[in-house]
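> Take this sequence and fold it.
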Amino acid sequence: MSKVIGIDLGTTNSCVSVVENNTPVIIPGASGSMTTPSVVAFTSKGERLIGESARRQAVTNTERTISSIKRHMGEKWSVRIDGTEYNPQMISAMILMQLKKDAEEFLGEKVEEAVITVPAYFNDIQRQATKDAGRIAGLTVKRIINEPTSAALSYGLNHGEPQKVMVYDLGGGTFDVSIIEIGEGVIEVLATAGDNHLGGDDFDERVCDWIVRKFREENHVDLSRDFMAMQRVRDAAEQAKKELSTNDTAHILQPYLIQNKGESLHLDMTLTRSEFESLISDLIARTEDPVRNALNDAGIAPSELGKVLLVGGSTRIPAVQSKVRALTGQEPSKNINPDECVAKGAAILGSTLQGNGLVAAGTGQNLLLLDVTPLSLSIETVGGVATRVVERNTTLPTRYSQIFSTAAPYQRSVDIHVLQGERPMARDNKTIGKFRLKGIKAAPAGVPRIEVTFDIDTNGILKVSAKDLDTGKEQSIVITADDRMSESEIAAAMQETQNYAANDQVRRDAIELLSEAQKLLSQSGERVKAAGKQLDRSLKKEIRSATASLRKLVGKCRLDKVERQELDEIRSAMRALEQCLSRMP
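Below is the predicted model of the structure:
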């Protein structure tokens with residue numbers, strides 16, 4: 001049985017882990033680092049780059065490089081490159097494919113199953129989109145788990161004493177806070193809250209704006225009009241942010257940043273930590289309400305927390321740590337790696353789902369993981385009111401039913417509008433889906449009894465069914481939202497992904513083969529030259545002919561359009577030349 005890997009699919013960086021010898025370990029990426037940049041790029045030659053190689057070339061290929069795709073999950077977002085439309089699920093699938101490949105090379109076996117993490121505050125559509133991305137990447141997604149829960153799982157295995165912990169998870173693009181109770185073999189989420197559009201990207205943007213504003217004041221040039229210059233500015237802003245986590249000042253230097261009236265202008269600025277904290281103070285303040293809401297929903301005071309865990313790269317910022325101290329009155333724990341703990345927790349859950357128990361803790365216990373739904377689920381009723389069916393922070397899995405009726409006399413069908421959110425009016429919440437229940441028994445308004453059932457699985461994904469209690473007729477309702485991919489779209493994306501993977505392999509094979517062919521051509525020339533007049537004239541003619549044939553095939557081979565047949569022809573020409581050379585004295 002192949003292993004189940006755990007994947008932290010992050011906004012800025014992603015991470016993959018597996019349980020080996022009863023311990024969760026991080027699988028290094030292609031570049032050797034423990035995290036892989038969540039960046040995908042398409043080169044002009046048709047190559048697809050993922051991770052560090054994609055990030056490195058972003059400055060020179062800005063418009064064909066995609067980063068922070070996680071922020072668009074579940075949205076009507078797409079990008080067209082070389083005539084192909086890519087949505088967030090497809091781009092995310094490319095990142096997942098790279099992580100899958102890294103895991104297979106590390107383990108020396110095929111990987112087919114994964115546990116993938118998502119922000120606790122992801123709604124139903126975003127969760128389904130993440131699951132679809134996994135399918136497109138060729139993975140069976142065993143479970144979608146909330147990131148703070150996964151981090152607590154990783155922490156809880158090493159600190160088994162019963163306690164309540166707060167997980168403060170501030171990553172590249174999302175913020176979550178969860179209150180979690182850890183007991184003997186039980187990890188129960190008491191409450192969760194957050195903000196899906198708050199993270200390190202926003203801090204970077206503030207520094208970018210500061211650089212652009214200051215550069216305009218000093219040089220009277222607007223950097224925001226130059227794509228390439230702005231990519232370098234973004235890179236410099238991110239680096240400055242990281243430096244300011246350990247230093248009081250950051251020197252921002254980008255020589256030859258832009259040309260103005262024939263003159264090269266350089267970026268040379270110093271940003272202090274206090275200035276940086278002033279730039280992002282309101283963003284950090286936005287974490288206050290989710291923390292208070294989570295504590296209130298869990299019904300506990302900050303003093304009752306046993307630990308406060310910091311997760312996500314942005315929690316390295318000193319001002320963030322100060323805010324956590326102010327909100328909780330506690331010193332945040334530093335004994336987990338904020339970049340790796342989420343993936344490790346997912347790997348532990350994956351191992352447990354295979355029936356291994358809590359082997360990573362050495363206990364052999366079965367794990368009971370009780371998560372919650374982050375947002376309330378409602379149905380729109382008369383007057384545009386959002387009528388709650390499932391309250392936020394309800395333990396999963398769960399199944400709730402409620403009786404509804406008709407608003408007009410003798411209706412034969414009823415439209416049901418399913419919503420997710422906390423606002424009292426339907427229009428202010430997120431539409432999860434709409435469906436029409438047909439075949440209702442004709443009766444005066446308010447008489448038909450329609451039982452609508454909300455079924456939320458352990459992934460936090462919603463299914464809805466309906467039953468006309470008067471006729472006993474039951475209908476299974478499949479919610480369809482415009483933001484979701486259809487089965488046919490997923491199948492097409494899976495096929496394209498497989499084709500792309502095959503093409504990538506052909507390109508890799510071509511690069512190796514062309515290198516070997518060039519070596520053979522070089523060796524052939526040297527041997528013929530060394531043999532001089534001692535070489536038989538007819539053999540010399542054959543060698544020249546074989547050399548010319550191989551050189552022609554190598555010369556016309558284009559990596560962006562290469563096919564297997566071309567490689568076979570090059571191999572055949574190489575064999576012909578090698579046979580000629582073998583007859584030389």
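> biggest strand in the chain, by residue count?
Longest strand in the chain, counting residues (DSSP state E): strand 249-260.
> how about the closest residue to Leu170 other than its chain neighbours, what does it touch?
Among residues not flanking Leu170 along the chain, Ser314 sits closest, at 4.2 Å (Cβ to Cβ, 6 or more residues apart in numbering). C-beta here means a position set from N, CA and C on the backbone, and glycine is covered the same way. Ser314 is in contact with 170-172, 199-200, 203, 320, counting by Cβ atoms under 8 Å, 6 or more residues apart in numbering.
> Over to Thr149?
Per Cβ under 8 Å, 6+ apart, neighbours of Thr149: 120, 167, 178, 180, 187, 189, 345, 369, 371.
> how about 10 Å then?
Residues near Thr149 by Cβ atoms under 10 Å, 6 or more residues apart in numbering: 117, 120, 156, 167, 169, 176, 178, 180, 187-189, 192, 342, 345-346, 349, 369-372.
> For Ala546, see how far away it is.
Separation of Thr149 from Ala546 (Cβ to Cβ, to the nearest Å): 64 Å.
> Pro409 too?
90 Å.
> Mind checking which of the two has more residues around it?
A count of neighbours by other Cβ atoms under 10 Å puts Ala546 above the other of Pro409 and Ala546, at 20 against 11.
> thought Ala466 was touching Asp455?
No - taking contacts as Cβ atoms under 10 Å, Ala466 lies outside contact range of Asp455: 11.6 Å.
> Who has more neighbours out of the two?
Set Ala466 next to Asp455 and count neighbours by other Cβ under 10 Å: Ala466 wins out with 20 against 15.
> how near is the closest residue to Pro255 other than its chain neighbours to Lys541?
Distances taken as Cβ to Cβ, 6+ apart place His266 nearest to Pro255, at 4.8 Å, with adjacent residues excluded. For His266, the distance to Lys541 equals 60 Å [Cβ to Cβ].
> tell me the contacts of the residue lying closest to Glu569 once chain neighbours are set aside?
Using Cβ to Cβ, 6+ apart and skipping residues adjacent in sequence, the residue nearest Glu569 is Leu553, 5.7 Å away. Contacts for Leu553 (Cβ under 10 Å, 6+ apart) come out as 514, 517, 566-567, 569-574.
> May I ask which two of the residues you listed are separated the most?
Using Cβ to Cβ, the contacts of Leu553 reach their maximum pairwise distance at Leu514 and Ser572, which is 14.7 Å.
> So these two - more neighbours on which side?
Leu514 (17 against 12).
> so that one, which of the three states?
Following DSSP: H, G, I helix; E, B strand; the rest coil, Leu514 is assigned to helix.
> okay, it: pLDDT?
If you check Leu514, the pLDDT there is 85.
> Please apply the same query to Lys519.
Reported pLDDT at Lys519 in the predicted model: 88.
> Check the spacing between it and Leu244 real quick.
49 Å.
> between those two, who's got more neighbours?
Leu244 (24 against 10).
> pretty sure that one contacts Ala319?
Yes - Leu244 is within contact range of Ala319, at 9.3 Å (criterion: Cβ under 10 Å).
> Please enumerate the shared neighbours of the two.
Joint contacts of Leu244 and Ala319 (Cβ under 10 Å, 6+ apart) are 203, 273-274, 276-277.
> Okay, buried residues for whatever helix or strand Leu577 lives in please.
In this assignment (DSSP states H and E), Leu577 forms part of helix 564-582. Within helix 564-582, the residues that count as buried by 16 or more other Cβ atoms under 10 Å are 566-567, 570, 573-574, 576-577, 580-581.
> If you count neighbours, what's buried in stretch 192-210?
So stretch 192-210, judged by 16+ other Cβ under 10 Å, has buried residues 192-196, 198-204, 206-208, 210.
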